[in-house]
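[1] Take a look and give me a structure for this.
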Amino acid sequence: MNRKIIKPTPFGSVCIIWSILRNSPRIFHILLSRPGLSAEDRASALFPDSRKSSCVEIDSIAASIKAYFEGENIKFSLNLVDLSQCSKFQQSVLRAQHAIPRGRVSTYGLIAEHVGAPGGARAVGNVMAANPFPLIVPCHRAIRSDLSLGGFQSGAEMKRVLLTKEGIIFDEAGRVICPSFYYASM
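    This next block holds a predicted model:
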């Protein structure tokens, strides 16, 4: 495994864990810094044998991640991510989440219904909590049905800032103000 460190970002470093698979770079994990724990430290703990390395394709993803944090409207492709490490259900949830555009949100329950698992909001939340590709698969765009944020791997404050950068607004209680949800029946 290889790792590419992106720094600085407003939320600390980001680490891309990747390898060459069938003559092409494949991303296995994106690690975000967490409060009190840098992405580098997470990478060292989770992938102790990884080495610092890069290539043109990974450099391009790293530049896009940095641009995203700077507020640019970046639509990430799933072309380089290795979804084979995920179950079919996880893949369906990650693909559904990836389809939610910038400036839109959906609920865990609506995503569950969309992937054919009505009543599976908690299962969708668990997939989002373990999302190996945060930012590329924008799990921060999934919220609770009560309009509160729900969880995020790198903390609720980062989730709120990411959504705010995308144009999502909040009321005084911190709930999302949303005229319509992605995947809601029209």
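[2] residue contacts, the closest residue to residue 95 other than its chain neighbours?
    With Cβ to Cβ, 6 or more residues apart in numbering as the criterion, residue 95 has its nearest non-adjacent residue at 7.3 Å, and that residue is residue 78. No exception for glycine: its C-beta is placed from N, CA and C like everyone else's. Contacts were defined as Cβ atoms under 8 Å, 6 or more residues apart in numbering; by that measure residue 78 touches 95, 98, 136, 137.
[3] hang on, residue 78 in a strand?
    No - read with DSSP: H, G, I helix; E, B strand; the rest coil, residue 78 is coil and lies in no strand.
[4] can you pull up the bridge partners for the residue nearest in space to the middle of the chain?
    For the chain, the residue nearest the mean C-alpha position is residue 134 (2.0 Å; Cα atoms, centre = their mean). When assigned by DSSP bridges, residue 134 has beta-bridge partners residue 137.
[5] Show me what the helix or strand bottoming out on mean pLDDT in the chain pairs with in its sheet, parallel or antiparallel.
    Of all the helices and strands that make up the chain, strand 2-6 has the lowest average by mean pLDDT, DSSP states H and E, namely a mean of 89. Strand 2-6 has its sheet partners listed here by DSSP bridges as strand 14-21 (antiparallel), strand 51-52 (parallel).
[6] Perfect, that will be all.
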